[in-house]
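*Asks:* structure here, sequence nowhere to be found:
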RNA sequence: GGAGAGGUGCUCGAGUGGUUGAAGAGGUACGCCUGGAAAGCGUAUAUACGGUGUGGAAUCGUAUCGAGAGUUCGAAUCUCUUCCUCUCCGCCA
């Protein structure tokens, strides 16, 4: 969430910038500014009452020690009203604070100045494109047919065991998964990311920390008996490593990478958008996360985008990078670049990675801060990106590399798969 | 799952109702000392919110001893709830 300080000091600017995200924040922000004034007043009143109480208590203690019973008892009586006042002010304060937070979480992050205007995905700006566009024959198959033809992925079997959206990978299909995970992790490590292996279930505090809770509760699987949530992305546990942490400025940027299975309930639409591997309840992903100094977080973002580009290049896939427009960006992001690869048989672009700078929006909730040489504590910037999500990469690999002899594996991946062709 | 112990500052660790935001030690930083270093000495070393205030600073108040609620004039210290950790037994990849 945005910091209250920033909102109260830049009210008009905040409202203006939110407009790019097609969010009318005027009413909420007016309300929160007003509540903040109320909060400060209440805080002052509470503080002075508490101070008075503390002094009285000390006095009473002294009186008892000196044996002045009568005076002590008299002083005691004065505390009764004061006590009541403190209780009421305390209640009022926490109520106001809670209301403020409830409003703050409804206000999205401010888009970066470079975010293009626009409402829908069509308004996203193509930054650059690359990779070889395949030339497929007329009878090219979509990946779900290829998966069946070569017995790589069994969707029906997954339905039997768990339900729709939980495919069973088999043989070279399973090995391809494992190869991609290792390929992505090795590349990330070589790019300076520390590999971590996080838990796949998280507690509610972690859910709040990265913003899945409270508003997106329905998107996560919830183990109610233990009140734990299956992670929708490794971003959640990895970023929460830095919850309530004050880092040393010289340790920035922190760069972590993690593989995890990802679980998403996403009871969405049906049809070609969710066919095959396009949308799943469980899938594999390697995530990269950076905790950065505010002054250089956009350099870090560029670095991350360039890094992801090396991956799609090595995989020899046709790709494009989109700078998301205000209307298509996520709630929490300040600037997002999406990577899409072209799926030749489906004749459509598939989103395979999303790289974002959240600035201090996420760090504010996480209370992830750093302390510099000047001893001042301030919020870090957090960034993350998929590097990458497997299913759509697999879809594109299968479709784009199909030949009459079988499916060709890109050279960079062969050391990981141990085979050059799926036939 | 059964039985027990415990959660205090960067770390260790004292503290069972009254200047204890917290002794002591260690660590770290700065200064002194030294030819240089070690040792020694001195000083500093949490966070948040609020007030006054500045060029930068500073300073005062309040809260925080796992979390929440309660008892009390007053709670790290007493009571309850809850979370977590550890030890032994059981079970188990």
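*Replies:* Nice, I can see it. All values reported here derive from a predicted model rather than from experimental measurement.

*Asks:* any idea how far residue A:266 is from RNA strand B?
*Replies:* According to Cβ to the nearest atom of the strand, to the nearest Å, residue A:266 stands 28 Å off from RNA strand B. C-beta coordinates here come from the backbone N, C-alpha and C atoms, glycine included.

*Asks:* now do the contacts for that residue.
*Replies:* Contact partners of residue A:266, counting by Cβ atoms under 8 Å, 6 or more residues apart in numbering, are A:219, A:279, A:281.

*Asks:* try 6 Å this time
*Replies:* For residue A:266, no contacting residues are found, by Cβ atoms under 6 Å, 6 or more residues apart in numbering.

*Asks:* confidence score at it?
*Replies:* According to the prediction, residue A:266 has pLDDT 77.

*Asks:* let's verify it: helix, strand, or coil?
*Replies:* In three-state terms, and counting by DSSP: H, G, I helix; E, B strand; the rest coil, residue A:266 is coil.

*Asks:* my read: residue A:116 touches residue A:325, true?
*Replies:* Yes: judged on Cβ atoms under 6 Å, residue A:116 makes contact with residue A:325 at a distance of 4.6 Å.

*Asks:* these two: who's more crowded?
*Replies:* residue A:325 (23 against 17; other Cβ atoms under 10 Å).

*Asks:* gap between the more buried one and residue A:119?
*Replies:* Distance, residue A:325 to residue A:119, by Cβ to Cβ, to the nearest Å: 7 Å.

*Asks:* same deal with residue A:84?
*Replies:* 54 Å.

*Asks:* need the pLDDT of the nearest residue to residue A:104 once chain neighbours are set aside.
*Replies:* Closest residue to residue A:104 apart from its sequence neighbours, by Cβ to Cβ, 6 or more residues apart in numbering: residue A:1 at 4.3 Å. If you check residue A:1, the pLDDT there is 90.

*Asks:* now do residue A:272
*Replies:* 60.

*Asks:* the one 5 residues further on now?
*Replies:* As predicted, residue A:277 sits at a pLDDT of 86.

*Asks:* same check on the one 3 residues further on?
*Replies:* Looking at residue A:280, its pLDDT reads 91.

*Asks:* one more: residue A:52?
*Replies:* On the pLDDT scale, residue A:52 gets 91.

*Asks:* repeat for residue A:80
*Replies:* 86.

*Asks:* now do the SS call for it.
*Replies:* From three-state DSSP, the assignment for residue A:80 is helix.

*Asks:* show me what the top helix by length along chain A is packed against.
*Replies:* Using DSSP state H, we find that the single longest helix of chain A is helix A:26-65. Judged by 3 or more Cβ pairs under 6 Å, 6 or more residues apart in numbering; DSSP states H and E, the packing partners of helix A:26-65 are helix A:4-9, helix A:69-104.

*Asks:* weakest of these by average pLDDT?
*Replies:* helix A:69-104 (a mean of 88).

*Asks:* show me what stretch A:246-263 is in contact with.
*Replies:* So stretch A:246-263 is contacted by A:181, A:185, A:188, A:192-196, A:198, A:200, A:221, A:230, A:232-234, A:238, A:282-293, A:300, A:369-372 (Cβ under 6 Å, 6+ apart).

*Asks:* filter those residues down to the buried ones.
*Replies:* A:181, A:185, A:188, A:193, A:196, A:198, A:200, A:230, A:232-234, A:238, A:282-293, A:300, A:369-370 (16 or more other Cβ atoms under 10 Å).

*Asks:* among those residues, which lie within helices?
*Replies:* Checking these against DSSP H, those in helices are A:181, A:185, A:188, A:238, A:300.

*Asks:* RNA strand B contacts on chain A?
*Replies:* A:5, A:36, A:39-40, A:43-44, A:46-48, A:50-51, A:53-58, A:60-61, A:64, A:76, A:79-80, A:83, A:246, A:369, A:371, A:377 (Cβ under 7 Å from any atom of the strand).

*Asks:* now the buried members of these.
*Replies:* Buried, going by 16+ other Cβ under 10 Å: A:36, A:39, A:46, A:53, A:56, A:60, A:369, out of the residues of chain A next to RNA strand B.

*Asks:* for the last one, list each beta-bridge partner.
*Replies:* What that stands for is residue A:369. Beta-bridge partners for residue A:369, by DSSP bridges, are residue A:246, residue A:379.

*Asks:* any idea how far residue A:342 is from it?
*Replies:* 42 Å.

*Asks:* and chain A, split by domain according to the record?
*Replies:* A:4-104, A:121-422 (automatic domain parsing).

*Asks:* re the thing from before, now for the helices and strands packed on helix A:26-65, which one comes closest to residue A:308?
*Replies:* Among the helices and strands packed on helix A:26-65, helix A:4-9 comes nearest to residue A:308, with 29.9 Å by Cβ to Cβ.

*Asks:* what is the mean pLDDT for stretch A:139-148?
*Replies:* For stretch A:139-148, the mean confidence score works out to 92.

*Asks:* name the residues of that stretch that are buried.
*Replies:* So for stretch A:139-148, counting by 16+ other Cβ under 10 Å, buried means A:140, A:141, A:142, A:143, A:144, A:146, A:147.

*Asks:* straight-line length of that stretch, end to end?
*Replies:* The first and last residues of stretch A:139-148 sit 16 Å apart, counting by Cα to Cα, to the nearest Å.
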